[in-house]
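In: structure of the sequence below:
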Amino acid sequence: MRARRLTLVVGDRLRRAPEGLAFAEVAIGLAEGDVGDPATLASARNNLANVLLAQGRYPEAEAEHRRVLAMRIAARGERHYDVATSRLNLGNVLTSAGDLDEADAEIGLALAILREHLGDDHPELAVAYSSKGGVAMTAGRFAEAEASFREALRIRLATQGPEHVQVAEARGNLGNVLQAQGRLDEAEAELRATVLGIESVLGDEHPHAAIAHSNLGSFFQAAGRAADAEAEYRRAHATADRALGKQHPLTLTFRHNLAGARSDVGDLAEAESELREVATLRLEVLGPDHPDVARTHVALGTTLLQRGRLGEAEAAYREGAATWERAVGPDHLELADAWVGLAQAIARQDRDAEARPAAQRAYDLRRSQHAAAEGRAEAAFTLAKVSWSTPSERARALELAREAREAYASVTSTRADAPRREVASWLSAPTPHERGAP
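Out: Just a heads-up that it's a prediction; the model follows:
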């Protein structure tokens, strides 16, 4: 019992804090003293895995969840309820780490076992459907993601009623995938309903309300509504600051997002200042190998690139790529953000040949991981431009630029208008010189 009680304390209060790991390890020590109770030990180790995941230590979290899964299968058999929860947990950490095929398989197995134990209308099925939808959305399978999110919402409504906070959160997931499909009116309605639903249940000062406002801000940012995005991000940041404190990881996430909005409205100096401070705080709070630290390095690189400080941008992108690789390995989709930015920074210093390997890595990652059309188009066009200066690669460069044009044609956001025009202008240039050839 001592181990179980401590496990609950860690799970609810300390996962993101540095002390969370120490408490989880103490819980394991207590559980190992409970002779003959492998379930308690598995629960304690599962808690350790969740702490590692919350702290962004994906490879360690994955290894620990695999260990727990093996323990539970040995103790309970393949079709036990606890095995389903372990498979679901493993699927979620694999999603975070970018291993989408295995994540999909584990979550599918978890769903099948949960149905055997709980039927088709239990709230825990909604959790699994949300995870399944998250994998599909990350993989760019938006219709499949929408179906999973709608099923999760159906179960929530049937079992918890329309006023429950988790119904509001399910609407938020649905709004995000509708946005990804360009169904902006439907998406905005769902995301606004999420804000209203959460605030009606939890109040407007709750961290979940801050998350809902941030998601609405992300919608506005992707739709090119920069001022609306900034307003939502400011509200999210202010709420988290009051509720959680200035150095809480969630507060820092909202501050990072707000810096991006400032960049979008043209205030690059403030965006740079904010991102540098967020980078420092995230390094202190999360350590040097956390994905959020990598995200801030990449965002800083983008802001510096926009300001024309190419050497500094290159350094920030290199640091972001190195941090991503240490955190999650070489195949995570978000690593492509660092590679494509690095290629652009190097190319603008007239070093196309040196930029090409980074551009190729970004292109390969976004294709293999089924990135959204806008991301695939950006990577294809970046690779086209850096390839053009090599005469033997010009046919391939034109092919890549046409691929980018086709991908951009399917993007509904106004954010894609400028790159769409750039691709069209580049393809219509009558001479190699006008396309940037020496």
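
In: which segments of this structure make up each domain?
Out: 1-119, 318-438 (automatic domain parsing).

In: any chance of those domains in a markdown table with mean pLDDT as columns?
Out: As requested, those are exported to a markdown table (pLDDT from 0 to 100):
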| stretch | mean pLDDT |
| --- | --- |
| domain 1-119 | 77 |
| domain 318-438 | 91 |
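
In: can I get those domains in CSV with distance to Ala227?
Out: C-beta here means a position set from N, CA and C on the backbone, and glycine is covered the same way. Below are the domains of the chain laid out as CSV (distance: least, Cβ to Cβ, whole Å):
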stretch, distance to Ala227
domain 1-119, 31
domain 318-438, 13
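
In: okay, those in CSV with distance to Ala279 and mean neighbour count next?
Out: Listed next are the domains of the chain as CSV, based on distance: least, Cβ to Cβ, whole Å; neighbours: other Cβ atoms under 10 Å:
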stretch, distance to Ala279, mean neighbour count
domain 1-119, 15, 19
domain 318-438, 9, 19
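
In: for Ala238, find the nearest of those domains.
Out: Closest approach to Ala238 among the domains of the chain is made by domain 1-119 (20.1 Å; Cβ to Cβ).

In: hang on, the earlier thing: so which of the domains of the chain is nearest Thr296?
Out: That would be, of these and by Cβ to Cβ, domain 318-438, which comes in at 8.0 Å.

In: pull the distance from the closest one to the chain's centre.
Out: Centroid separation for domain 318-438 versus its chain: 21 Å, with Cα atoms, centre = their mean, to the nearest Å.

In: can you check stretch 205-222 too?
Out: Chain-centre distance of stretch 205-222: 15 Å, with Cα atoms, centre = their mean.

In: flag every buried residue along it.
Out: Buried residues in stretch 205-222, counted by 16 or more other Cβ atoms under 10 Å: 206-222.

In: now, which of those lie within helices?
Out: Assignment to helices by DSSP state H places the following of the buried residues of stretch 205-222 there: 207-222.

In: give me every residue that touches Ala338.
Out: Shown in contact with Ala338 (Cβ atoms under 8 Å, 6 or more residues apart in numbering): 294, 297-298, 301, 317-318, 320-321, 324.

In: how about the strands of the chain, start to end?
Out: With DSSP state E, there are no strands along the chain.

In: circling back to that earlier point, which two of the contacts of Ala338 have the greatest separation?
Out: Spanning the widest gap among these are Gly301 and Trp324, at 12.1 Å by Cβ to Cβ.

In: so what's Leu398 up against?
Out: 384, 427.

In: can you lay out the contacts of Ala338 as JSON lines showing distance to Glu102?
Out: As requested, the contacts of Ala338 are exported to JSON lines (distance: Cβ to Cβ, whole Å):
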{"residue": "Ala294", "distance to Glu102": "22"}
{"residue": "His297", "distance to Glu102": "28"}
{"residue": "Val298", "distance to Glu102": "26"}
{"residue": "Gly301", "distance to Glu102": "31"}
{"residue": "Tyr317", "distance to Glu102": "29"}
{"residue": "Arg318", "distance to Glu102": "30"}
{"residue": "Gly320", "distance to Glu102": "26"}
{"residue": "Ala321", "distance to Glu102": "24"}
{"residue": "Trp324", "distance to Glu102": "20"}
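
In: of those, just say which sits nearest to Ala372.
Out: The nearest member of the contacts of Ala338 to Ala372, counting by Cβ to Cβ, is Val298 at 16.7 Å.

In: verify the stated contact: the closest one with Ala316.
Out: Yes. Contact status for Val298 versus Ala316: in contact at 7.3 Å, counting by Cβ atoms under 8 Å.

In: ok, those two, which is more surrounded?
Out: More crowded of Val298 and Ala316, by other Cβ atoms under 10 Å: Ala316, with 28 against 25.

In: wait, the more buried one sits on His297?
Out: Yes. In this structure, Ala316 is within contact of His297 by Cβ under 8 Å, at 5.3 Å.

In: could you pull out the helices in the stretch 51-200 of the chain for me?
Out: 58-76, 81-97, 100-118, 123-138, 142-160, 165-180, 184-202 (DSSP state H, counting those that start in this stretch).

In: who touches the nearest residue in space to Thr302 that is not next to it in sequence in this structure?
Out: Sequence neighbours aside, Gly341 is the residue nearest to Thr302 in space, at 5.8 Å (criterion: Cβ to Cβ, 6 or more residues apart in numbering). Going by Cβ under 8 Å, 6+ apart, Gly341 touches 298, 301-302, 305, 313, 317, 320.

In: what's the closest of the helices of the stretch 51-200 of the chain to Gly287?
Out: Comparing the helices of the stretch 51-200 of the chain under Cβ to Cβ, the one sitting nearest is helix 58-76, at 12.3 Å.

In: output the closest one as PDB - backbone C-alpha positions only.
Out: Only the C-alpha atoms of helix 58-76 are listed here, as PDB (Å, rounded to 0.1, in the frame of the first residue of the first chain):
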ATOM      1  CA  TYR A  58      11.200   9.500 -24.700                       C
ATOM      2  CA  PRO A  59      13.700   6.600 -25.200                       C
ATOM      3  CA  GLU A  60      13.800   5.900 -21.400                       C
ATOM      4  CA  ALA A  61      10.100   6.100 -21.100                       C
ATOM      5  CA  GLU A  62       9.600   3.700 -24.000                       C
ATOM      6  CA  ALA A  63      12.100   1.200 -22.500                       C
ATOM      7  CA  GLU A  64      10.300   1.400 -19.200                       C
ATOM      8  CA  HIS A  65       6.800   0.900 -20.700                       C
ATOM      9  CA  ARG A  66       8.100  -2.100 -22.600                       C
ATOM     10  CA  ARG A  67       9.400  -3.500 -19.400                       C
ATOM     11  CA  VAL A  68       6.000  -3.000 -17.600                       C
ATOM     12  CA  LEU A  69       4.200  -4.500 -20.600                       C
ATOM     13  CA  ALA A  70       6.400  -7.600 -20.400                       C
ATOM     14  CA  MET A  71       5.900  -7.900 -16.600                       C
ATOM     15  CA  ARG A  72       2.100  -7.600 -16.900                       C
ATOM     16  CA  ILE A  73       1.900 -10.200 -19.700                       C
ATOM     17  CA  ALA A  74       4.000 -12.600 -17.600                       C
ATOM     18  CA  ALA A  75       1.800 -12.100 -14.500                       C
ATOM     19  CA  ARG A  76      -1.600 -11.600 -16.100                       C
END
